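[1] Let me see the structure of the following:
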Amino acid sequence: ASVLAQTVTDLEVVVTDDSDRREDLTLEFADDRLRYYANSERLGMAANWQRALSLARGRFIGLLMDDDRLLPTFIERCLAAFAADPTIGVVFTNHFFDDGVRFAPRASLIGEGTYQHFLPLLLRYKPVAICATLMRREVWDEVLPVPDMHTADLALHIRAAQSGWAFHYIDEPLMVYRVNHGQLSGQIGFRDHGVALWRLFRFEEGSEEEVQRRHLFAEALLSSAAAHMQRGDFGRAKELAQEAAAVGVRSSSELTRRARVISAISKSRLAM
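    Residues are numbered from 1 along each chain as shown. Okay, the predicted model is just below:
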């Protein structure tokens, strides 16, 4: 409904339904811009995104999850940015968080404008929300396939930045991100996917990007280690903590201290 209500009317909405309800929830709209596809079997997040993207026919393509919504001028504002600069491959906006009680914009971490070399900022602040983003079809062609991990959105944006496309940020909340307890990012397994994400990339040795990646990799390893400790899997927690300590962050850093603590606790529990 929020896409069909955009101020730009020349658009299509492709719905790929990965639920097991098997009922066309789009019939009530009676809008020929809307196409509905129910997956014959559950595909999972990555494959469902991939199917939706393969069915899209537009020059500019975005993903929108079923509990999020766009504000009316989102597409209009994004298209204006694309029209102003052909080097821009990705346009994203700020967004609101809505948990049913609190409705507030995300704090702006970067300034509005076009960034020709966006990768360092992307790694430092991770400011891009997948549902508040439009990308040129050419960019999608370069960043696909969707990796089979819960952190696929960040992986796709890293690939786009690596490819040299400029990113443009509109510092106005034009999407509403629904926060709920059942989201993937709230699940313990999401932490293991964070580890997989930073294993997937490697940047030039000594570069700012590689320094940031190693820090994020160590953080992900320790987060996963803590989750394994909570589950009582102290052997795996020890392995992850030791790997975090060996990633290459400064020996005096808080990350290294945490890695040693987790490793020591896991070792003592294993010895019991």
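[2] looking at it, residue 240 is touching residue 222, isn't it?
    Yes - at 7.3 Å, residue 240 counts as touching residue 222 under the criterion of CB atoms under 8 Å. C-beta: built from backbone N, CA, C; applies to glycine.
[3] quick one: residue 80 is in a helix?
    Yes - if the criterion is DSSP: H, G, I helix; E, B strand; the rest coil, then residue 80 is within a helix.
[4] Return the per-residue confidence for it.
    For residue 80, the model assigns a pLDDT of 98.
[5] For the residue nearest to residue 62 when sequence neighbours are not counted, give its distance to residue 13.
    The shortest distance from residue 62 to any non-neighbouring residue, by CB to CB, 6 or more residues apart in numbering, is to residue 134 (4.5 Å). Distance, residue 134 to residue 13, by CB to CB, to the nearest Å: 14 Å.
[6] who's more crowded, these two?
    Taking other CB atoms under 10 Å, residue 134 and residue 13 do not tie; residue 134 has more neighbours (24 against 18).
[7] Could you measure from the more buried one over to residue 10?
    14 Å.
[8] cool, and residue 56?
    In terms of CB to CB, residue 56 sits 14 Å off from residue 10.
[9] Those two: who's more crowded?
    Using other CB under 10 Å as the criterion, residue 56 and residue 10 rank with residue 56 on top: 18 against 9.
[10] Contacts only, for that one.
    Applying CB atoms under 8 Å, 6 or more residues apart in numbering to residue 56 gives the contacts 12, 14.
[11] quick one: it from residue 6, how far?
    For residue 56, the distance to residue 6 - CB to CB - is 16 Å.
[12] Report the beta-bridge partner residues of residue 17.
    Going by DSSP bridges, residue 17 is paired in beta bridges with residue 38.
[13] Which stretches in the stretch 101-250 of the chain count as strands?
    For the stretch 101-250 of the chain, strands defined by DSSP state E, counting those that start in this stretch occupy the ranges 103-105, 113-115, 133-136, 166-178.
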